[in-house]
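Asks: the following block contains a protein sequence and its predicted model.
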Amino acid sequence: MKLSKLVRVAVLVAAATTVAAPSAFAQAKEQFFPLLSYRTGPYAPNGVPWANGKQDYLKMINARDGGINGVKLTYEECETGYATDRGVECYERLKGRAGVALFDPQATGITFALTEKVVADKVPLVTLGYGLSVAQDGMAFKWNFPLMGSYWTGADILIQHLGKKEGGLDKLKGKKITLVYHDSPFGKEPIPLLQERARELGFELQLTPVTAPGVEQKAAWLQVRQNKPDYVLLWGWGVMNSTALKEAQATGYPRDKMYGVWWAGAEPDVKDVGEGAKGYSALALNTSGTQPKVIQDILKYVHDKSQGTGPKDEVGSVLYTRGVIIQALGIEAVRRAQERYGKGKVMTGEQVRWGLENLALDQKKLDSLGLAGVMRPLSTSCADHMGSTWARVHTWDGAKWNFSSDWYQADEQILKPMVKAGAEKYLSDKKMTRRDPKDCQS
């Protein structure tokens, strides 16, 4: 009897172990997305919808699809306040988490600080529409992915648009164009491209910095009034944008002569100004509104289940949608990596990097993701970590944004030599070398 009892106990222990092992394995099958965000401070009005869009997309993929081929998606937010030092602290705290996929720093300054760190840590940086412009060169920047555009492509498209308004780029000769910019790495990034275009086309470029965070701009706009530029380019973020529009109104500068970067063209930038911002235009990387299927799915699977990260009425806004796109591209990079390294497996940062470098999102694929009409097709490669250099212009009518141009593509004849030269200088300064072409196959 004693032997029989021992056998039964042994069988029960073995059975319990057999049940526990798959359970523990299932818990380990989690792809982790660290979410650097800023929900406090002067940049919060813009940072919050961006962060909410990213979170809601993760929740939707888990609820609708059960994750990526059975791999659950997890996340943790870390508040940076848009401060570089806090961003680095968040990175150091979260980079060691199991299954970490990638980092989206949400700030150019933080991107600059992390660019060297990720090389050693082997985790990719996704900087959609921001960050280092020269990082388009994937042979020099293996871990940086400025998807969909950089500040150089944005600045070039704005110059193209102004040229079209004047009847041709040659008509910009002798014009005055003032850049009112956030005095930070973000605001300074477009200057080399604008200087190159000024030399080529013969317009006068005036530089007017605004001290962060940009709540005090009276001196800057008095300077604008004195210089009487034909156009003002606004490179602002957060409270700086609405303040600039209010100061332009106060000093009598026409808002229909003002054009912002795509981080100065969302609802928080104009809603408090209302009619006073009428006629102001800005670049647009994506659409807004609740019509796209991806937004409808988020409403259905997340907000209708009372699982939304923020208020329902912000869903589909400009920056919310951009957050959705950023997260969607990150998830598609994981999915692409799984195609090579194993479906249903948690991908390492290095494998996700390969996925980001081999994105192939044609229109058919975008349609299947519910992103039809939201963004243009995007295709990356070992050499090109941007994948798309297109943008449109939209204009505020006092109540809503309306597209006021067709798609523009940045001029590669201008950009490619600048990117290559800038990348070579970066590598030289850091005593680094270009990737071996064989590395593209690994």
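Replies: Right, received. Where do you want to start? In this text the structure is predicted, and so the values were computed from the model without any measurement.

Asks: from now on I want contacts and neighbour counts done on CA atoms only, so please keep to that.
Replies: Noted.

Asks: helices and strands around the helix or strand containing T74, which ones?
Replies: T74 is part of strand 72-79 when elements are defined by DSSP states H and E. Where contact means 3 or more Cα pairs under 8 Å, 6 or more residues apart in numbering; DSSP states H and E, strand 72-79 is packed against strand 30-37, helix 44-65, helix 84-94.

Asks: as TSV, these with mean pLDDT, mean neighbour count and distance to G167 would be great.
Replies: As requested, the helices and strands packed on strand 72-79 are arranged in TSV below (pLDDT from 0 to 100; neighbours: other Cα atoms under 10 Å; distance: least, Cα to Cα, whole Å):
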stretch	mean pLDDT	mean neighbour count	distance to G167
strand 30-37	98	24	42
helix 44-65	97	22	34
helix 84-94	98	18	42
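
Asks: mind checking which of the ones you listed is nearest D397?
Replies: Among these, the nearest to D397 by Cα to Cα is helix 44-65 (20.0 Å).

Asks: quick check: which helices or strands does the closest one pack against?
Replies: Judged by 3+ Cα pairs under 8 Å, 6+ apart, the packing partners of helix 44-65 are strand 30-37, strand 72-79, helix 293-301, helix 318-341.

Asks: what angle sits between it and helix 318-341?
Replies: 40 degrees (axes from the mean of the first three to the mean of the last three Cα atoms, to 10 degrees).

Asks: give me the contact list for helix 44-65.
Replies: 35, 37-39, 67-68, 72-74, 81, 237-239, 266, 268, 297-298, 301-302, 308-310, 314-315, 317, 319-328 (Cα atoms under 8 Å, 6 or more residues apart in numbering).

Asks: shaky segments in this protein?
Replies: The model of the chain has pLDDT under 70 over residues 1-28, 442.

Asks: can you give me the domain assignment for it?
Replies: The chain is divided into the following domains under automatic domain parsing: 29-149+290-379+419-441, 152-284+394-410.

Asks: ok, so what distance separates D304 from F186?
Replies: According to Cα to Cα, to the nearest Å, D304 and F186 sit 37 Å apart.

Asks: T84 against Q106, yeah?
Replies: No: between T84 and Q106 there is no contact under Cα atoms under 8 Å: 10.4 Å.

Asks: if we can go back for a sec, for G289, which of the helices and strands packed on strand 72-79 is the nearest?
Replies: The minimum distance between G289 and the helices and strands packed on strand 72-79 falls on helix 44-65, with 12.8 Å, by Cα to Cα.

Asks: distance check, A113 against A83.
Replies: 11 Å.

Asks: what of E216?
Replies: From E216 across to A83, the span is 19 Å (Cα to Cα).

Asks: which residues touch the nearest residue to F33 once chain neighbours are set aside?
Replies: In space, and not counting its chain neighbours, F33 is closest to Y75: 4.7 Å by Cα to Cα, 6 or more residues apart in numbering. Counting by Cα under 8 Å, 6+ apart, Y75 touches 32-35.

Asks: ok, now with 6 Å
Replies: By Cα atoms under 6 Å, 6 or more residues apart in numbering, the residues touching Y75 are 32-34.

Asks: over to R353?
Replies: Taking Cα under 6 Å, 6+ apart, one finds P124 in contact with R353.
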